[in-house]
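K.L.:
return atomic coordinates for the entry below.
(2 chains)
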Amino acid sequence: MFLTGFFYGNACPVYIHVEDNLGNSLSNITILVDNKAIGVSNSAGILELSLEEGIHHIEVLKNDGLKTFQTVSVVCGEKNHFKFTLNTSNADSAKLSEVLVQSKTVKKQIEESPFSVQVIDFKKQYDKAGDVGDFLNRASGVKLRTEGNIGSQVQINLGGLQGKAVRIFKDGIPIELFGHGFSLGTIPVNMLDRVEIYKGVMPIYLASDALGGGVNMVTRTSNKDFAEVSYEMASFNTHRVTANLYLQNKKNFYGGFNGSFNFSDNNYKVNVPVQNSTNEEFKNVKRFNDMTRSSYGEAFVGLKDKSWADDLRLTLIYSNFYKQIQNDAQMVNVYGEAFSKEQNYTGMINYRKKFFDDKLKVSFLTNYSHFNTRFIDTARVRYNWDGEIIGENLQPGEIRTGNNQRMKYNFVSSRLNMEYQLSDRNFLEFSELFYSQRRKGSDPLGAISVIEGVDVLTVPATYRKDNMALAWRSLWLENKLESIVAGKYYHYNTQGYTTDNYGFAWKASKDDSQFGYLSGLKWAEKNYLVKLSYEYATRLPDEFEVFGDARMVKENLDLDPEKSHNLNLNGQYTIDKENSSLVFSANLFYRKVKDIIFLQLDIPFSRYINYESSEIKGFEFETNYTPVKWLTTGFNATYQDIRRVGIQETTFKYLNDSRVPNIPFLFGNFWANTYFRNTFKDGDNLNFTWNANYTHRFFLVAIPKSQEPSLFEPVKDFQTSLTIPKDGRLGQFSNDIGVSYHFADQKTTVSAECRNIGDVRLYDNFNVQRPGRSFHLKLVYNFF
Amino acid sequence: MKRSNSLRSVMAGIAATMLLFSCSSNDDNKEEIEQPEEPGTEQPVDVLPKDETWVIYNGSPDWSGGIYALNDNKSRVINLSGLSFLQLKSSLGGRALGKTLYKVNDVSNTKQGINKMGFNAAGNIVDQGFLPSLSNAYESNFLVVSETEGYYWDKVRGGLKLQKFNPTTMERTGEIDFSSLSEGQPLESVGQLIIAKRDNKLYLDLLLGDKAAGNWQVTPVVKEVAIAVYDLTTEKIENVTKIGGTTNLGVFIDHILWSLDEVTGDLYFGTVADMKTQPSDFSSKILRIKKGETTFDTTFALDMKTYQFPAEFNRIFAHNGKIYTTIPSRAVSYYGGGQHGVRYRDDVWFWNEIDATTKKATRLNIPPDNFYCTQNPFFHNGEIYFVSNSTGDGFSGVNQYNPATGVIKETFRLKESGRLQGFNIIKN
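P.N.:
Purely as a prediction, here's the structure:
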């Protein structure tokens, strides 16, 4: 079941056969899908068409008015053959019969797995502005944190864990292999079919060393010809373009292209200190060195439904990314010339095949990526927030001591997924991810070994890891109960350069392995769903944590993997009526993390050590209510109590049970969507949306629990400005509104949005201010 | 008989010792046990000073923490839990002038410059102002002389210019130009790490050189150290004094390496030399400019090699012809342990008193320090106070030494309250 999400796309062929009550095929029968005429049946009574995955209303209509209809659920990968029978013996009978075909969408299938998982389906979001991150941020239990606007770094918090604890994939491959041109901060929704969010427990098909879960972004694809372009224009001189093309011939040879382009000056206003001749004053100024330009394109060709392959695809990817760097994490220090850029070239082969009467499903994907990156900070001048030069002829480097870094990275990654059906109700699943990275470069302004004077970046550094998972999945009690148990194995090896003992510089290596395991149970009845899942998760230290940057961060060859016990209890209850529905879902989660890799500060060098342990107890709740067909509304709320535990050093025991700082712990979303059909013309669609987000105050520095203010009271026992927000507000509340209009031709959509309509000052990471009010206009056009 | 008596004495001693230990097996509660008073055996009463406020800077593993003010609630064992504080991202020791505190950088430790703090009506420490540096880098040294006189270094405004500011209003008030000392080197500074004042003259480190890629210290073009002396009365550069055999005066901006002996009037400076290569022919030294002089005393130098090597002097306090500093018990290296594997943050830094005349070092009976706090010892009411953090002794606290009597007393220790990263005494 879990492999399904990996194997299939979002639109698929549908075969409609119309016959009379005697079994004779009927030709020239008009077929309407979702009230729109699609075509007529041929002489064999058949019409072949492609429909997007999901539920559709199909009606067949004879010229004399005789008709019938079915509400069907189209599932890609299944045989979507639907037979319609017109009772011609009773010509005056136009009685309607309805058959509900009980088949599940991919979203529903994944969400009904034993894991704590949420799927965001983008099929109906392609008219919306913004990027994937905006949508992820509205999911329960998910908090995205950025350092600005388009192109800035994004980290995702899942179940209280964030940063490297959460792995992000694109179609099962670690996202870092696709470059910054494809990231949570740059990818418009039009590029994706859906996003799967796994909280705490990773499915087998995404076997990886994820400590706190992961996110899999599934690329948009199709089984029918289609071509779509979109263009978004927004505040801060922002322009975004996407193009998606898919063509397939009768011999099942197909090809296509998915591409996106982003440009933004990111010159929104911020309130910052500007120094004058005597002191400083806070002013609202426009950012002036934050321009971002990124492009991403993937072209693919493939063959389907051959005897030797269900699908064989070759994909070539190019992406580039250019980003100016405006400020530090506290938004105090301003940089006027620093920038980074990157080019990425990737080749990827994907093979899928079912063997032994479809009992064995095999998917293999391998890719090679080459990166060229540059990080340039060589300015000899200094700027203030007004963009004026305030110092000249200084040492190179606005940020630190200067960088003229040029790096070349080579990545190889392969994933093998297999599922074998032992019996009707028993399945074996296996997944392996191999990942290899080699880095070499130079930085004339960077770290140099003490005696030899070697630029340490010129010495190659390698990092390899191998993650495997083997699972047994079973269905019980008429498939109401599903269980899964699995074992995981993690291994990594890294080689790099160390300058630790001064006077010597040598290559060192580190090799380590770790076992993990998981289990899950799901009980599904008609209206409710209960899930319990557990994983003993591991995150391997990466090359940077082991070897540092040979500059400010030194190596630590004794680093151990981070480990966590992750437990989830999920429940969902649905009240479904003819024209309304109400869904409640809740998730209790618990994490016990040890050996957290912590950057131990020191002068002149810091290093990563296994230091902290923490305990996380959390709760998510979400309600979706559809009182009438044209309105959906709901909210979600997440509380995560993340606390340091197990401090052994007497000196620091006062921080036992203190909240882990700099992580939002109470946040939520509210939304309402309406749609009105046939407003101006038959077949058109007018939508209004409202989204609101609340993030409660959180602290940037640890506070002893005994002095922690309660949730809704101001700070009383001490004075601090190290909070977000720091202006006395208890939290940040922002609202977005939008309207979109789908023209009756079903090809064109125009939408307009206003984000942060209250122009509220928003922060995500430390004190970096996010954009104020912004306006977005987007056009989507489907050629066919 | 004699042997028998000795045996009895030993046995009695063992029994008494066992009894003693059985009564006080829980060391943590030692201070809570009341000692019975017997007639004629009264212990001297340990009276805590009432007319002063103790300012304590504590820190967590990432150096964040708070500044606490203890007045009536002083004790010999201090638990800071529940006390009011000013929260800081980097709680490294500040400097006190009257009832005002100053420290490098703002409370978030991001804004480079000088932060001013004081007391509110309740006697708690509060933020009171900030003077920004134009520089983004951790390099703005400062000196507060009085409520209206202060100096700081701001590389962006000019390496060979010393900035003036008003410590009350925290406003920059001007600058002193030393551009005439330029030799056209890539990195030139005056007062980056040493800004001292004596007899209305400023003593400023003059450093002319360059910084190799990856280095954090400037390498002087000539292997020597230099002090520029500026006469504030005549507003002229009076002298530039130089001395060889060592390099690099000072080390970090929030930890000054100079001290004025208020008794003798001599001015002492610490050099750390090249901490990366630790050369033996240019080792770390303590130098002197005698009272009334503007040139280095070429007859005087304390050489770290005499006491330990490789190592550096990293604290300095001078009082009545004695230098108080730390000398490591083993060779140490700032760069990750160096060839000998001993890191700076081990329990190796022992407090010593060095006689400036004989150069003899005497180790003081004070727990060693392992954190390299940004705080020098200081003199108050006839005693010199030393900050120590020692993992082996489980000690984070202060000891006070009476240089007249040689008596050492534990001023206080923190109990489960973090690392002690600074300490000031403010007269009420």
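K.L.:
in stretch B:150-162, what's buried?
P.N.:
Neighbour counts over stretch B:150-162 (16 or more other Cβ atoms under 10 Å in any protein chain shown) mark B:150-162 as buried. (Glycine included, C-beta is placed from N, CA and C.)
K.L.:
how about the residues of the stretch 151-300 of chain A by chain B?
P.N.:
Residues of the stretch 151-300 of chain A found near chain B (Cβ under 8 Å from any Cβ of the partner chain) are A:273, A:275, A:277, A:278, A:279, A:280.
K.L.:
filter those residues down to the buried ones, PyMOL style.
P.N.:
A single PyMOL command is used to select the members of these judged buried by 16+ other Cβ under 10 Å:
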select buried, chain A and resi 273+275+279+280
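K.L.:
filter the residues of the stretch 151-300 of chain A next to chain B down to just the ones in strands.
P.N.:
The strands, defined by DSSP state E, take in A:273, A:275, A:280 from those.
K.L.:
quick check: pLDDT value at the first one.
P.N.:
Put plainly, it is residue A:273. On the pLDDT scale, residue A:273 is placed at 89.
K.L.:
what do you get for the last one?
P.N.:
The confidence metric pLDDT takes the value 91 at residue A:280.
K.L.:
now the buried residues of stretch B:150-162 as TSV including secondary structure and distance to residue B:222?
P.N.:
Formatted as TSV, the buried residues of stretch B:150-162 follow (DSSP: H, G, I helix; E, B strand; the rest coil; distance: Cβ to Cβ, whole Å):
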residue	secondary structure	distance to residue B:222
B:150	strand	31
B:151	strand	26
B:152	strand	26
B:153	strand	21
B:154	coil	25
B:155	helix	21
B:156	helix	26
B:157	helix	26
B:158	coil	22
B:159	coil	17
B:160	coil	17
B:161	strand	22
B:162	strand	22
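K.L.:
picking up where we left off before, residue A:140: which of the residues of the stretch 151-300 of chain A next to chain B is nearest?
P.N.:
Of all these, residue A:140 sits closest to residue A:273, with 37.3 Å by Cβ to Cβ.
K.L.:
okay if I get the buried residues of stretch B:150-162 as TSV plus distance to residue A:745 and pLDDT?
P.N.:
Listed next are the buried residues of stretch B:150-162 as TSV, based on distance: Cβ to Cβ, whole Å; pLDDT from 0 to 100:
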residue	distance to residue A:745	pLDDT
B:150	73	98
B:151	74	98
B:152	69	97
B:153	69	96
B:154	65	94
B:155	64	92
B:156	60	93
B:157	65	94
B:158	67	94
B:159	68	95
B:160	72	97
B:161	70	97
B:162	74	98
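K.L.:
could I get those as CSV with distance to residue A:560?
P.N.:
Formatted as CSV, these follow (distance: Cβ to Cβ, whole Å):
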residue, distance to residue A:560
B:150, 49
B:151, 49
B:152, 44
B:153, 43
B:154, 44
B:155, 41
B:156, 43
B:157, 47
B:158, 49
B:159, 45
B:160, 50
B:161, 50
B:162, 50
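K.L.:
ok and the residue in the stretch 151-300 of chain B nearest chain A?
P.N.:
Residue of the stretch 151-300 of chain B nearest chain A, by Cβ to the nearest Cβ: residue B:156 (3.6 Å).
K.L.:
count of residues packed around the closest residue in space to residue A:576 that isn't next to it in sequence?
P.N.:
Counting by Cβ to Cβ, 6 or more residues apart in numbering or on different chains, residue A:527 is the residue found nearest to residue A:576 once chain neighbours are left out, at 7.4 Å. Neighbours of residue A:527 under the rule other Cβ atoms under 10 Å in any protein chain shown: 11.
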